[in-house]
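Chemist: Quick one: sequence plus predicted model below, questions after.
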Amino acid sequence: MRTKMIAGNLLAVLVVGLVSFFVVSAQLEAALLGDLDRAVARDQVLFDQTWRLWGLELAEQAEQQAREDASTDIFSALDESDRRARAFARATRIHDWFGRQNRGNRGAAEIVVVVDDDGRVIARSQDRNRMHGDDLRGVLGGLAGVLARGGTSVDVWEFASGQEKVLQTAIAAIVDPATGRPMGALVVGYDVSNGMAARAGALLGRDVAFVRGQTLYSASFEGDAVDQLRSALFGEEHRARTEAALGEAGTASDPFRVEIGGSEYVALTAPLSSAASARVASVVLANRTQQAERGSSVRTILVMTAVGAAIVIVFCFLLASSFLKPIEEMEEGVLAVINGRTDLRLDIESAELGGLAYRINQLLNVFTGTPEADADGRISSPPAAWSDGGPAPAQVPGAPRVPAEAAAAAGEVEDEALAAELAAEPEDAYYDRIFEEYVAAKQAMGENVANITKDKFVMRLQANEKSLIKKHDCRMVRFQVQTKGTQVNLRPVVIR
């Protein structure tokens, strides 16, 4: 029984817990991952808008510096040497200004260049002589338009300076205040570095990388993850997508999956906006594994299922024991009575099974011929005879009913004088007298008393005395023989 109770309840808890886990887990995973492909596409659009905004911000700052008098004064120099000196000093000051202005954002600029109206370099920051006379119209497609019409332009510059770099570049015209015509231009370039990729990734909540030619130029990843991303983008499976984004038409790819650093990512490549002078693509990546782990809270269901299973095991064990222990005691008690201990009665302290034990005791009294007292202390004999297993006298149809052998009709007596008199009577004399009076009264009623023996009469009388003493918490209980109609009763007298 104990095993069945535990197994049944445990099975119910496990079934409910595990089914809930798998259903909720499946639904949560579908909700978290189902829209990730579309989310990456939206994030790529958001990155493109962010990239354009950064370019416009850089162009606005470059235009602000180009309008200052210190910039226009470069072209009022009397000779070439003076103009170069002024251009170098101005480029260096602008380079420092960008470093201070964008310290918490972009950082310092990679290069600041001043060019004349032919697009040739007058001077650059950090090095007065380097690049002097270089024509930048061939490497910056937007420069010619700015020199012709004024205003600003944003481009991407593949800058060769010992090692090739990719620069987000702003071009701003330096305009003659008198004529309004461009005299030259200011060119400011920022490296599309790992830091820029990391900053873009932080804004999007994704990872970002930049691809140039056949190389992964920069990324928000670190360490081995960079090599794994490079292998994935230029590997056989995804090379076509990368090359399409870098091609002349500049086609964005569909979302695809790559393994990086032990995690699965959804990636999308697209051509970089405002990059007329260079073939550069951006890659936006969303971590599917990390996204799925956000649903790990569903594992709490498994933990609670395990806790519930443990509680069920303990509770069912205790509950089953509370039922089984008294049942086992009743089984052993009944078996003892069957084996000859006819005086044994069940003493079960159980709210659930105490009533059943009481009824079993009553049944044993009937079968063994033992008189018992009711709630008022009245003693009644069972239907069976008081003889050693002999049958009770038969009832004659229509004749008066034979009363129980020891039924008290009036309840207990609280009489101090009578109690003192009975208490003073010696025990042996008392039992002899009460037996004789009881038999005589029975005979007077015309009943057969041959089956009433003194030993059993006294034994059962003593048993009921003990019961009443315990009930009334008194010193002694003795009985009086009372005849009422055709019934002979034993009336208990309480002795304090």
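Modeler: Perfect, I can see it now. Residues are numbered from 1 along each chain as shown.

Chemist: tally of neighbours for Gln168?
Modeler: Neighbour count for Gln168, taken as other CB atoms under 10 Å: 24. No exception for glycine: its C-beta is placed from N, CA and C like everyone else's.

Chemist: Find the nearest non-adjacent residue to it, please.
Modeler: Among residues not flanking Gln168 along the chain, Tyr190 sits closest, at 5.0 Å (CB to CB, 6 or more residues apart in numbering).

Chemist: I'd say that neighbour and Arg106 touch.
Modeler: Yes - between Tyr190 and Arg106 there is a contact at 5.7 Å, judged by CB atoms under 8 Å.

Chemist: Can you check which residues contact both of those two?
Modeler: When contacts are counted by CB atoms under 8 Å, 6 or more residues apart in numbering, Tyr190 and Arg106 have Leu58, Met196 as shared neighbours.

Chemist: Look at those two and report which has more neighbours.
Modeler: Applying other CB under 10 Å to Tyr190 and Arg106 shows that Tyr190 carries more neighbours, namely 25 against 21.

Chemist: Could you pull up the residues touching the more buried one?
Modeler: So Tyr190 contacts Leu58, Arg106, Ala109, Glu110, Leu167, Gln168, Thr169, Met196 (CB under 8 Å, 6+ apart).

Chemist: How about Thr50?
Modeler: Ala200, Leu203, Leu204.

Chemist: Kindly report the same for Ala197.
Modeler: Taking CB under 8 Å, 6+ apart, one finds Val208, Ala209, Phe210, Ser218, Ala219, Ser220 in contact with Ala197.

Chemist: Make sure I have this right: the residue nearest to Gln168 is in a helix.
Modeler: No - using DSSP: H, G, I helix; E, B strand; the rest coil, the assignment for Tyr190 is strand, not a helix.

Chemist: Look up how far Val156 lies from it.
Modeler: According to CB to CB, to the nearest Å, Tyr190 stands 10 Å off from Val156.

Chemist: shared neighbours, those two?
Modeler: Jointly contacting Tyr190 and Val156 under the rule CB under 8 Å, 6+ apart are Leu167, Gln168, Thr169.

Chemist: Which residues belonging to the one helix or strand the last one maps to are considered buried?
Modeler: Assessed by DSSP states H and E, Thr169 sits inside strand 163-175. Neighbour counts over strand 163-175 (16 or more other CB atoms under 10 Å) mark Lys165, Val166, Leu167, Gln168, Thr169, Ala170, Ile171, Ala172, Ala173, Ile174, Val175 as buried.

Chemist: Same check on stretch 473-489?
Modeler: Under the neighbour-count criterion of 16+ other CB under 10 Å, stretch 473-489 has Cys474, Val477, Arg478, Phe479, Gln480, Val481, Gln482, Gln487, Val488, Asn489 buried.

Chemist: Give me the distance from that stretch to the chain's centre.
Modeler: 72 Å (CA atoms, centre = their mean, to the nearest Å).

Chemist: coming back round to it: Serialize the contacts of Tyr190 to TSV and add fields for pLDDT and distance to Thr289.
Modeler: Listed next are the contacts of Tyr190 as TSV, based on pLDDT from 0 to 100; distance: CB to CB, whole Å:
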residue	pLDDT	distance to Thr289
Leu58	93	35
Arg106	72	32
Ala109	89	37
Glu110	90	35
Leu167	93	34
Gln168	93	31
Thr169	95	37
Met196	90	25
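
Chemist: Show me which of those residues is closest to Ser277.
Modeler: Nearest to Ser277 among the contacts of Tyr190: Thr169, at 8.3 Å, using CB to CB.

Chemist: What strands line up against the strand holding Thr169, and which way round?
Modeler: Strand pairing for strand 163-175, determined by DSSP bridges: strand 152-161 (antiparallel), strand 182-191 (antiparallel).

Chemist: closest to Gly99 out of those strands?
Modeler: Proximity to Gly99 (CB to CB) singles out strand 182-191 among these, at 11.0 Å.

Chemist: After the closest one, which helix or strand is next? Please name it.
Modeler: Next in sequence after strand 182-191, counting helices and strands by DSSP H and E, comes helix 194-204.

Chemist: and that following helix, which residues are buried?
Modeler: Across helix 194-204, burial judged by 16+ other CB under 10 Å covers Asn194, Met196, Ala197, Ala198, Arg199, Ala200, Gly201, Leu204.

Chemist: ok now do the nearest residue to Val258 once chain neighbours are set aside, which residues does it touch?
Modeler: Of all residues beyond its chain neighbours, the one nearest Val258 is Ala232 (4.0 Å), with distances taken as CB to CB, 6+ apart. Contact partners of Ala232, counting by CB under 8 Å, 6+ apart, are His238, Val258, Glu259, Ile260, Ala267.

Chemist: I'd assumed Ala232 was in a helix, is it?
Modeler: Yes - under three-state DSSP, Ala232 sits within a helix.

Chemist: For it, give its distance to Val280.
Modeler: On the measure of CB to CB, Ala232 and Val280 end up 18 Å apart.

Chemist: for Val488, same thing?
Modeler: Where Val280 is concerned, Val488 sits at a distance of 121 Å (CB to CB).

Chemist: so which strand or helix has Glu236?
Modeler: Using DSSP H and E, Glu236 maps to neither a helix nor a strand.

Chemist: re earlier: could the contacts of Ala232 go into a markdown table alongside pLDDT and secondary structure?
Modeler: Below are these laid out as a markdown table (pLDDT from 0 to 100; DSSP: H, G, I helix; E, B strand; the rest coil):
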| residue | pLDDT | secondary structure |
| --- | --- | --- |
| His238 | 91 | coil |
| Val258 | 91 | strand |
| Glu259 | 91 | strand |
| Ile260 | 90 | strand |
| Ala267 | 92 | strand |
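
Chemist: Then Val40 would be within a helix, right?
Modeler: Yes - under three-state DSSP, Val40 sits within a helix.

Chemist: contacting residues around it?
Modeler: Arg206, Pro255, Val266, Ala267, Leu268, Val284, Leu285, Ala286.

Chemist: Spatially, which two of these are the most separated?
Modeler: It's Arg206 and Pro255 that sit farthest apart of the contacts of Val40, by CB to CB, at 12.1 Å.

Chemist: Show the average pLDDT along stretch 461-477.
Modeler: Stretch 461-477 carries an average pLDDT of 87.
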